[in-house]
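**Q** Got a sequence here, can you build the structure:
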Amino acid sequence: MDIQDGVYFPHIHHHIMMPWNNLKKGDCCGRLEAISDGYYCKSCDFFVHKKCGESPRSIEHPCHSIHPLMLQSKPHNICDLCERSIENLCYHCEICDFDVDIYCVRYPPPLVVEFSGMHDHKPTLLKERTKFYCAATCGKTGHDSFAYKCHECDLAFHVACVWDSSELKLPLEVNHSHHPLHPLKLLTGRSPEYSDEKCRLCDIKIDDDSFYHCSSCNFTLDIRCVFHPLPQSVLEVKAHDHQLTLLPRLDSFTCNACGLKGDRSPYICVQCNFMIHQHCLALPRIININRHDHRVSRTSVVGVVNSTCGICRHKVDWIWGGYVCQRCPCYVVHSKCATRRDVWNGKELEGVPEEIEDIEPYVVIDDNTIQHFSHKEHYLRLHVNGLLCEENKRCSACTHPICLQSFYYGCIDCCFLLHQKCAELPRRKWHVLHNERLTLITSTTNFFGCRACNKPSNGFKYQYGEKTLDALCGSISEPFFHPSHPDHPLYHTGAKGRIQCNACNKLTYPALSCIEKGCGFSLGFDCATLPQVVKHRVDSHLLSLCYGDKVSGKCWCDICEKETDPNIWFYTCRDQQASLHIKCVIGDLSGLMPRSTIAVSGIPNEVIVNDSMSRPFCMNCKSRCMYPLILKRLGTPDAYAHHCSFHCMVATVLVILRDLGLDQDVSRLE
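**A** I've put the predicted structure just below:
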């Protein structure tokens with residue numbers, strides 16, 4: 001099924017896949033076929049051959065005729081017929097948990113095989129799985145497996161042992177076009193100690209399996225490169241104007257396309273002194289990346305002296321190729337950085353007209369009045385906030401109190417309010433946490449969980465598919481400046497794994513980090529978006545965010561009356577005599593609008609401001625609710641059915657669902 005310029009096979013993969021045709025080796029059906037005319041999901045590194053992806057969704061197979069088999073992606077499973085590992089795709093029976101790989105479907109084993117040289121009779125394929133001792137050279141026991149059986153001798157053989165011997169036997173010696181000096185001999189096991197244990201052409205490490213080798217020249221090829229060799233010459237206009245020739249030898253070089261070193265088998269143009277990695281031949285011409293608002297274009301020479309990469313922030317050597325922005329002359333990116341899986345969505349945009357759309361969030365009526373796209377029915381007027389902070393006046397975008405910023409827009413005819421910064425959020429934008437352009441959504445029927453800070457919210461959100469960010473996390477762009485780290489900006493480096501946050505000392509992902517050598521400063525998105533000042537009932541003045549304090553002696557939080565760690569961020573009053581836990585001051589419901597209703601598994605709860613006079617008990621943790629916003633369960637006669645946090649509310653919902661026997665909803669929430 002075609003989706004724009006990609007394809008979507010929902011029964012195989014959950015993302016749109018793009019057409020893919022380059023010299024990189026790949027596999028989907030486990031039979032060593034090179035990538036050509038296939039489909040590829042860059043974000044998941046998932047590839048299927050065109051003929052495999054377009055295979056029938058349902059088939060009948062002679063070895064499993066009782067039920068139809070459905071095409072699915074089940075990597076690392078074992079084919080029940082040939083007992084090989086499934087690379088990606090197979091046909092599967094849900095009823096019997098039966099798997100057959102693509103090759104065994106396309107070329108089913110014959111009912112009777114010739115087994116010359118190993119057995120005098122013709123074994124017959126059994127129609128049901130059985131337990132047996134294999135009489136072939138493997139000598140292993142088959143446990144509930146398909147087998148070929150010789151009824152005359154009462155001997156059984158694995159399907160793979162018989163079928164491989166008759167159909168798929170590798171030649172012991174081959175003459176190869178990329179090594180005409182000597183024949184290559186078939187070897188198994190480990191590579192020779194004197195070799196680098198890699199294929200000379202594709203640079204893939206030789207595993208403990210079969211490969212071909214010339215000991216005289218120390219020349220090794222893996223099975224794929226033997227039977228599906230790279231072309232000796234190519235004309236790839238995306239990479240170079242002239243025909244390129246493969247140089248199949250070990251030789252150190254610098255790739256003209258990406259500026260990185262290589263050590264083997266480049267494609268070269270002698271007349272231009274041009275050398276390129278095999279995988280750089282397919283670098284796209286024009287792309288969007290999630291670190292820049294405009295398209296970037298591939299160039300053979302960057303030409304911007306003393307430039308730094310817009311992604312990794314390291315120096316770009318201007319004499320090599322890379323990507324540049326036509327609108328921003330100083331913006332350059334390394335080729336490898338621009339095409340990283342966490343940066344590029346895999347779409348080539350050459351020949352695709354650039355979208356011209358209005359992403360401005362409002363229309364200016366006069367110097368102090370705007371019409372915002374989220375509130376078209378009325379005009380909004382600019383206000384300068386005074387000294388008073390009214391907790392009940394909150395921004396509809398970020399849901400934080402209006403008093404936290406000096407300038408805000410208020411509706412002339414109703415109570416709709418927006419911070420000035422929130423009113424200026426673009427309607428569409430690129431974000432470091434997603435490869436597709438996000439759209440600003442201004443209304444939600446329930447609530448959502450921000451994929452950056454993991455907090456619930458029902459304010460504005462940036463969204464594409466399942467990726468959802470709240471207004472605060474969605475507004476973050478690089479370089480990100482935070483007052484806690486004034487010397488250097490912060491970036492999302494794309495590092496895998498959790499990073500320790502300097503604000504809360506917890507391991508977090510994703511994070512924003514300082515890239516200066518030896519600094520090591522990082523912030524999780526939840527800490528990076530904490531308000532610098534807040535209002536709380538413990539003090540008549542605004543509380544300020546403090547980035548840790550080296551003090552002697554113990555400190556105590558005035559809200560929970562428990563000890564605090566002054567090395568972890570906290571809120572403090574004007575005279576700085578108190579250190580208040582951030583969670584005690586804010587809670588985990590700061591992304592929800594007071595007086596709104598949220599529901600989990602159909603159980604509604606109202607978000608209410610905690611009344612300091614009563615402070616009800618939490619239904620789950622049985623403690624008094626101390627956070628500024630709490631949840632009151634609706635639809636129950638119990639007037640005291642409150643929860644102090646989102647966590648406690650979910651815990652109570654899980655108990656209710658278990659009591660009702662709704663195990664599916666329980667597993668989804670957990």
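**Q** show me where the stretch 451-600 of the chain has helices.
**A** Under the criterion DSSP state H, counting those that start in this stretch, the stretch 451-600 of the chain contains helices at 471-474, 525-528, 582-586.
**Q** tell me the mean pLDDT for the last one?
**A** For helix 582-586, the mean per-residue pLDDT is 93.
**Q** which residues sit against that helix?
**A** For helix 582-586, the surrounding residues in contact (Cβ atoms under 8 Å, 6 or more residues apart in numbering) are 504, 530-531, 534, 536, 543, 545, 557, 559-560, 569-571, 626-628. For every residue, glycine as well, the C-beta is placed using N, CA and C.
**Q** what's the spacing between it and its chain's center?
**A** For helix 582-586, the gap between its own C-alpha mean and the chain's C-alpha mean amounts to 31 Å (Cα atoms, centre = their mean, to the nearest Å).
**Q** For that helix, C-alpha coordinates in CSV please.
**A** Taking only C-alpha atoms (Å, rounded to 0.1, in the frame of the first residue of the first chain), the coordinates of helix 582-586 have been written out as CSV:
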residue,chain,number,x,y,z
ILE,A,582,11.0,20.4,44.0
LYS,A,583,8.4,17.7,44.0
CYS,A,584,6.9,19.1,47.2
VAL,A,585,6.6,22.5,45.6
ILE,A,586,5.3,21.4,42.1
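**Q** Would you map the strands across the stretch 251-400 of the chain?
**A** Along the stretch 251-400 of the chain, the segments classed as strands by DSSP state E, counting those that start in this stretch run 261-264, 267-269, 274-276, 286-287, 296-299, 307-308, 315-316, 322-324, 332-333, 362-366, 369-372, 380-384.
**Q** didn't residue 560 look like it was pressed against residue 587?
**A** No: if you go by Cβ atoms under 8 Å, residue 560 and residue 587 don't touch, sitting 11.5 Å apart.
**Q** out of these two, which sits in the busier spot?
**A** When residue 560 and residue 587 are compared for neighbours, residue 587 comes out ahead with 19 against 16, by other Cβ atoms under 10 Å.
**Q** coming back round to it: make TSV from the strands of the stretch 251-400 of the chain and add mean neighbour count, mean pLDDT and distance to residue 86 to it.
**A** Below are these laid out as TSV (neighbours: other Cβ atoms under 10 Å; pLDDT from 0 to 100; distance: least, Cβ to Cβ, whole Å):
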stretch	mean neighbour count	mean pLDDT	distance to residue 86
strand 261-264	15	92	31
strand 267-269	21	94	33
strand 274-276	21	94	34
strand 286-287	20	94	33
strand 296-299	20	94	36
strand 307-308	17	90	44
strand 315-316	18	90	42
strand 322-324	28	94	37
strand 332-333	26	95	37
strand 362-366	13	93	54
strand 369-372	18	95	53
strand 380-384	15	90	58
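**Q** what about those, which gets the closest to residue 603?
**A** Between residue 603 and the strands of the stretch 251-400 of the chain, the tightest spacing by Cβ to Cβ is seen for strand 369-372, at 33.4 Å.
**Q** Adding mean neighbour count and distance to residue 172, write the helices of the stretch 451-600 of the chain out as TSV.
**A** Converted to TSV, the helices of the stretch 451-600 of the chain look like this (neighbours: other Cβ atoms under 10 Å; distance: least, Cβ to Cβ, whole Å):
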stretch	mean neighbour count	distance to residue 172
helix 471-474	28	60
helix 525-528	23	58
helix 582-586	20	69
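**Q** Reformat those as a markdown table; add distance to residue 415.
**A** Compiled in a markdown table, these are given as follows (distance: least, Cβ to Cβ, whole Å):
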| stretch | distance to residue 415 |
| --- | --- |
| helix 471-474 | 18 |
| helix 525-528 | 28 |
| helix 582-586 | 23 |
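**Q** Could you check those and tell me which one is nearest residue 400?
**A** Evaluated with Cβ to Cβ, those place helix 471-474 nearest to residue 400, the distance being 8.1 Å.
**Q** and the closest one, what other elements does it pack with?
**A** Here helix 471-474 touches strand 461-464, going by 3 or more Cβ pairs under 8 Å, 6 or more residues apart in numbering; DSSP states H and E.
**Q** quick one on the thing from earlier: export the strands of the stretch 251-400 of the chain to JSON lines and append columns for distance to residue 524.
**A** Compiled in JSON lines, these are given as follows (distance: least, Cβ to Cβ, whole Å):
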{"stretch": "strand 261-264", "distance to residue 524": "35"}
{"stretch": "strand 267-269", "distance to residue 524": "44"}
{"stretch": "strand 274-276", "distance to residue 524": "40"}
{"stretch": "strand 286-287", "distance to residue 524": "29"}
{"stretch": "strand 296-299", "distance to residue 524": "29"}
{"stretch": "strand 307-308", "distance to residue 524": "26"}
{"stretch": "strand 315-316", "distance to residue 524": "29"}
{"stretch": "strand 322-324", "distance to residue 524": "30"}
{"stretch": "strand 332-333", "distance to residue 524": "26"}
{"stretch": "strand 362-366", "distance to residue 524": "31"}
{"stretch": "strand 369-372", "distance to residue 524": "30"}
{"stretch": "strand 380-384", "distance to residue 524": "33"}
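**Q** can you tell me which of the ones you listed comes nearest to residue 111?
**A** Using Cβ to Cβ as the criterion, the shortest distance between residue 111 and the strands of the stretch 251-400 of the chain is 46.1 Å, found for strand 261-264.
**Q** Paired strands for the closest one, with orientation please.
**A** Partner strands for strand 261-264, per DSSP bridges, with pairing direction: strand 250-254 (antiparallel).
**Q** Could you give the average pLDDT over the strand it pairs with?
**A** Mean per-residue pLDDT for strand 250-254: 92.
**Q** from the chain's centre, how far out does it sit?
**A** Strand 250-254 has its C-alpha centroid displaced from the chain centroid by 33 Å (Cα atoms, centre = their mean).
**Q** Which positions in that strand come out as buried?
**A** By neighbour count, with 16 or more other Cβ atoms under 10 Å as the criterion, the buried positions of strand 250-254 are residue 253.
**Q** Show me what that strand is in contact with.
**A** The list of residues contacting strand 250-254 from outside it, by Cβ under 8 Å, 6+ apart, reads 200, 260, 261, 262, 263, 264, 266, 275, 320.
**Q** Name the nearest of those residues relative to residue 232.
**A** Comparing the contacts of strand 250-254 against residue 232 with Cβ to Cβ picks out residue 266 as the nearest, at 13.1 Å.
**Q** Now do the same contact list for that closest one.
**A** Shown here is residue 266, whose contacts under the criterion Cβ under 8 Å, 6+ apart are 246, 247, 251, 253, 255, 275, 276, 277, 278.
**Q** model confidence over stretch 447-465, on average?
**A** On average, the pLDDT along stretch 447-465 is 94.
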